[in-house]
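Fold the following for me, if possible:
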Amino acid sequence: MRFQITESRKNKSGYCSIQCRVSVNGVPATAFSTGPRARPETWDNKLQVVLGDEQTTQKLISIRNGLDSVYQEFRRRGRIPEPEEVIAHYFDHELEYNKKWTVEALCDSTIWIKMELQHFSKTMETCTVV
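Numbers count the residues shown, from 1 in each chain. Predicted structure coming up:
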């Protein structure tokens, strides 16, 4: 995932929108605007920050972390997502796939609780009441 600006698309004040480009296994998605803008002379492409603008830099870090979290959740569930899925899931937490994750997590929790109850029940059988 990379952020970029397009200097040729400056607004009248000299600011460019900061775009985000997401790729998974070399397959890129269409870049999307992050919202904040920066002047080309304040954009550090190597560090991926806006020099002198901590608020915008923090927003970019937040976007990066959010996209990475979505990607890692797909991976945790044994799936390599398409880059568009990562972006869509990041922006729309009501996606059907997210609902599926919630149901799966609930099922996992229910199974764990049942196992704990069975263990507790067996432990209680071997206890002696005094």
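
just the strands in the chain please.
2-5, 16-21, 23-24, 27-28, 32-38, 43-44, 49-50 (DSSP state E).

Which secondary structure element of the chain has the lowest mean pLDDT?
When the helices and strands of the chain are scored by mean pLDDT, DSSP states H and E, helix 96-126 comes last with a mean of 53.

buried stuff in stretch 72-80?
By neighbour count on 16 or more other C-beta atoms under 10 Å, the buried set for stretch 72-80 is 73-74. Heads up, the C-betas are built off the backbone N, CA and C, glycines and all.

Straight-line length of it, end to end?
Start and end residues of stretch 72-80 are separated by 9 Å (C-alpha to C-alpha, to the nearest Å).

can you pull the contacts of A31?
A31 makes contact with 4, 19-21 under the criterion C-beta atoms under 8 Å, 6 or more residues apart in numbering.

same thing with D53?
36, 38, 42.

one more time with 6 Å, if that's ok
Applying C-beta atoms under 6 Å, 6 or more residues apart in numbering to D53 gives no contacts.

about what we covered before: which of the contacts of A31 sit farthest apart?
Q4 and C20 (8.0 Å; C-beta to C-beta).

Please say which of the two ends up with more neighbours.
Ranked by neighbour count (other C-beta atoms under 10 Å), Q4 and C20 place C20 first, with 20 against 15.

Would you check that that one makes contact with S33?
No: between C20 and S33 there is no contact under C-beta atoms under 6 Å: 7.8 Å.

For V70, give me its contacts.
86, 89-90.

Just put these in TSV and tack on neighbour count and distance to G14.
Putting these into TSV (neighbours: other C-beta atoms under 10 Å; distance: C-beta to C-beta, whole Å) gives the following:
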residue	neighbour count	distance to G14
V86	24	32
H89	22	34
Y90	19	29
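
Go through those and say which is closest to G52.
Closest to G52, out of all of the contacts of V70 and judged by C-beta to C-beta, is Y90, at 27.1 Å.
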